[in-house]
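Asker: coords please:
(one chain, ligands or ions: 2)
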Amino acid sequence: MYNVKSMKAEEFIDYYEIMETLDYAQRNRHNRELLNSVMEKARLKKGLSHREALLLFNCDISEINEEIYALAKQIKLDFYGNRIVMFAPLYLSNYCVNGCTYCPYHCQNKHITRKKLSQEEIIKEVIALQDMGHKRLAIESGEDNINNPIEYILESIKTIYSIKHKNGAIRRVNVNIAATTVENYRKLKDAGIGTYILFQETYNKESYETLHPTGPKHNYAYHTEAMDRAMEGGIDDVGLGVLFGLENHQFELAGILMHAEHLEAVHGVGPHTISVPRIKRADDINPDDFTQGIDDDTFAKIISVIRIAVPYTGMIISTRESAKCRERVLELGISQISGGSRTSVGGYAEPESDDENSSQFDVSDNRTLDEVVNWLMKNNHIPSFCTACYREGRTGDRFMSLCKSGQISNCCLPNALMTLKEYLEDYASKDTRNLGNVLIEKEIENISNPKVKMLAEEYIKNIHKGQRDFRF
Ligand code: SF4
Ligand code: SF4
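Answerer: Ligands and ions are numbered 1, 2, ... in the order given. Here you go, the predicted structure:
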């Protein structure tokens, strides 16, 4: 029985509720009156229920579809401006005891190169990432209590935060590790993590169990209820995601929105981010073996509908997607992207030799961070290396209430410009620096609060003189 406030996975992600939602959305896809009333609600920019969102997703009236895309673009602009926050993944270890059928790190894969970074190797990776200009990382590790126990993850986080190379610093470490206990989440919280990210992969329990035939991840309820334990352990910001291509995409869209509704209903704060990865080729994984892949148009519509349904939740896209695809979806609602990523273990400090392969997936966007930053600016986006909220204690419901009142925008734009200025001074190529300085001059005029504008101008001058780490 569907119950948004239940703490049981099968009740807050109720299979029958999803099936009824898909049926309702399918039956009403030409229902102009109903679609118009949902669009009217959507224009209030306060979000939609999973049923309303699925209805918009199914809409097949072309002019209303145009309105859906236009509204997604407008919400993106109203809530996130033209800023795009930059991050990079850092793979610590690809040892894994699970049998996930879509990931080359599954334990039956005997030919992938297994690696686990030592603390000395992490230092080298982080220096390489700092030298690129990154300030925000997402650490990734397979599940393996012997090779990658929580103590290893905690020690690695401490190491990462401790490295200050030249003007570099990693100011926010997000963590993408397997579902764990409340006690371990508390330890992660105490280690000062940013967002705890855990992809659900699929919300369809039966498929989930087939796709995860062995290992602790096989337990659907333990995995699906992980975010509740994370929040119980004091982690304010959690990141959801599904791997599109494993199951029917509409099922996943309904599932992820129901998960967001559940977190909001129980903890008073929805997910901080939603990631939208699509299954990609990797070592022994062939995406053609999965029959539920989605094309770029479907992908764009999913992103638009998520943007409208949960306006306050950031949306992340990785280098799994090509530059062309990323360009299209950035304006529809994406607020964070990775750049210059390596998906191998230890790949930043030393590229792998031809006979090694420890990557989790093949990167489609192979450009350097400088090239991505340059490209973003040429496409009228502001690359931002901001990490201010977490460091100012603006997390969880505090962050959400600032978002909902619109006050956060007083911080985001100046912080984006100041952190971009740091990047330009320390890491950018000449062309990117010139482009960026022109952009900063233009965009600083858009800071609406005169006092904040004056301070931002002063701080940017100080950054040019060599000072670092200003924030609002
Ligand atoms: S998806 Fe995660 S848990 Fe599954 S095999 Fe890959 S690293 Fe291990
Ligand atoms: S000010 Fe906060 S919400 Fe805005 S970009 Fe920085 S960290 Fe994100």
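Asker: Helix or strand: which one has residue 138?
Answerer: strand 136-141 (DSSP states H and E).
Asker: Report the strands that pair with that strand, each with its relative direction.
Answerer: Next to strand 136-141 in the sheet, as set by DSSP bridges, lie strand 83-93 (parallel), strand 172-176 (parallel).
Asker: Make JSON lines out of the ones you listed and add mean pLDDT and mean neighbour count.
Answerer: All C-beta spots, glycine's among them, are computed from the backbone N, C-alpha and C. Formatted as JSON lines, the strands paired with strand 136-141 follow (pLDDT from 0 to 100; neighbours: other C-beta atoms under 10 Å):
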{"stretch": "strand 83-93", "mean pLDDT": "98", "mean neighbour count": "24"}
{"stretch": "strand 172-176", "mean pLDDT": "98", "mean neighbour count": "23"}
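Asker: Quick check: which of the ones you listed is nearest to ligand 2?
Answerer: Minimum separation from ligand 2 across the strands paired with strand 136-141 (C-beta to the nearest ligand atom) falls at strand 83-93, 5.6 Å.
Asker: right, and the helix or strand after that closest one?
Answerer: Toward the C-terminus, strand 83-93 is succeeded by helix 119-132 as the next helix or strand (DSSP H and E).
Asker: What distance do you get for the spatially closest residue to residue 298 that is not a sequence neighbour to residue 26?
Answerer: Using C-beta to C-beta, 6 or more residues apart in numbering and skipping residues adjacent in sequence, the residue nearest residue 298 is residue 249, 6.4 Å away. Using C-beta to C-beta, to the nearest Å, residue 249 is found at 14 Å from residue 26.
Asker: Which is the succeeding secondary structure element to the strand holding residue 138?
Answerer: The element immediately downstream of strand 136-141 (helix or strand, assigned by DSSP H and E) is helix 150-162.
Asker: For that following helix, which residues meet the burial criterion?
Answerer: In terms of neighbour count (16 or more other C-beta atoms under 10 Å), helix 150-162 has its buried residues at 150, 152, 153, 154, 156, 157, 159, 160, 161.
Asker: now these as JSON lines including pLDDT and distance to residue 170?
Answerer: Formatted as JSON lines, the buried residues of helix 150-162 follow (pLDDT from 0 to 100; distance: C-beta to C-beta, whole Å):
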{"residue": "150", "pLDDT": "98", "distance to residue 170": "20"}
{"residue": "152", "pLDDT": "98", "distance to residue 170": "18"}
{"residue": "153", "pLDDT": "98", "distance to residue 170": "15"}
{"residue": "154", "pLDDT": "98", "distance to residue 170": "15"}
{"residue": "156", "pLDDT": "98", "distance to residue 170": "11"}
{"residue": "157", "pLDDT": "98", "distance to residue 170": "10"}
{"residue": "159", "pLDDT": "98", "distance to residue 170": "10"}
{"residue": "160", "pLDDT": "98", "distance to residue 170": "5"}
{"residue": "161", "pLDDT": "98", "distance to residue 170": "6"}
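Asker: Looking at those residues, which is nearest ligand 2?
Answerer: residue 161 (16.6 Å).
Asker: Help me confirm that that closest one comes into contact with residue 173.
Answerer: Yes - using C-beta atoms under 8 Å, residue 161 is in contact with residue 173, at 6.6 Å.
Asker: overlap in contacts of those two?
Answerer: Taking C-beta atoms under 8 Å, 6 or more residues apart in numbering as the criterion, residue 161 and residue 173 both touch residue 192.
Asker: re earlier: residue 249 and residue 26 - which one has more neighbours?
Answerer: Shown here are residue 249 and residue 26; by other C-beta atoms under 10 Å, residue 249 has more neighbours (20 against 12).
Asker: sorry, back to before: adding distance to residue 362, write the strands paired with strand 136-141 out as CSV.
Answerer: Shown next, in CSV, are those (distance: least, C-beta to C-beta, whole Å):
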stretch, distance to residue 362
strand 83-93, 14
strand 172-176, 19
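Asker: For the stretch 351-472 of the chain, give me the ranges with low pLDDT.
Answerer: Applying pLDDT under 70 to the stretch 351-472 of the chain flags no residue at all.
Asker: Which single residue in it comes nearest to ligand 1?
Answerer: Closest point on the stretch 351-472 of the chain to ligand 1, by C-beta to the nearest ligand atom, is residue 360, at 6.8 Å.
Asker: Then the stretch 201-350 of the chain?
Answerer: residue 217 (5.1 Å).
Asker: Check the gap between the residue lying closest to that residue once chain neighbours are set aside and residue 213 for me.
Answerer: Distances taken as C-beta to C-beta, 6+ apart place residue 98 nearest to residue 217, at 4.3 Å, with adjacent residues excluded. Look at residue 98 and residue 213: by C-beta to C-beta, they are 9 Å apart.
Asker: And for residue 288?
Answerer: Between residue 288 and residue 213 the distance is 20 Å, computed by C-beta to C-beta.
Asker: Look up phi and psi at the spatially most central residue of the chain.
Answerer: Closest residue to the average C-alpha location of the chain: residue 316 at 3.4 Å, with C-alpha atoms, centre = their mean. Listed backbone geometry of residue 316 is phi -120, psi 140, with angles given as degrees, to the nearest 10.
Asker: Residue 59 too?
Answerer: With angles defined as degrees, to the nearest 10, residue 59 sits at phi -50, psi 130.
Asker: I figured it hits residue 65, correct?
Answerer: Yes - assessed by C-beta under 8 Å, residue 59 is found in contact with residue 65 at 5.8 Å.
Asker: okay, the two: which has more neighbours?
Answerer: Using other C-beta under 10 Å, the more surrounded residue of residue 59 and residue 65 is residue 59, with 25 against 16.
Asker: That one and residue 308, how far apart?
Answerer: Counting by C-beta to C-beta, the gap from residue 59 to residue 308 is 12 Å.
Asker: quick one: common contacting residues for those two?
Answerer: Common neighbours of residue 59 and residue 308 (C-beta under 8 Å, 6+ apart) are residue 68.
Asker: which residues touch residue 363?
Answerer: By C-beta under 8 Å, 6+ apart, the neighbours of residue 363 are 319, 320, 341, 342, 343.
Asker: Tell me which residues touch the last one, please.
Answerer: Applying C-beta under 8 Å, 6+ apart, we find residue 343 in contact with 89, 91, 319, 359, 360, 361, 362, 363.
Asker: on that earlier part again, OK, contacts around the residue nearest to residue 217?
Answerer: With C-beta under 8 Å, 6+ apart, residue 98 has these contacts: 105, 106, 107, 142, 143, 178, 212, 214, 215, 216, 217, 218.
Asker: So what would you say the end-to-end distance of stretch 461-472 is?
Answerer: 16 Å (C-alpha to C-alpha, to the nearest Å).
Asker: quick one on the thing from earlier: next, give me the two most distant ones among the buried residues of helix 150-162.
Answerer: Using C-beta to C-beta, the two most remote members of the buried residues of helix 150-162 are 150 and 161, lying 16.7 Å apart.
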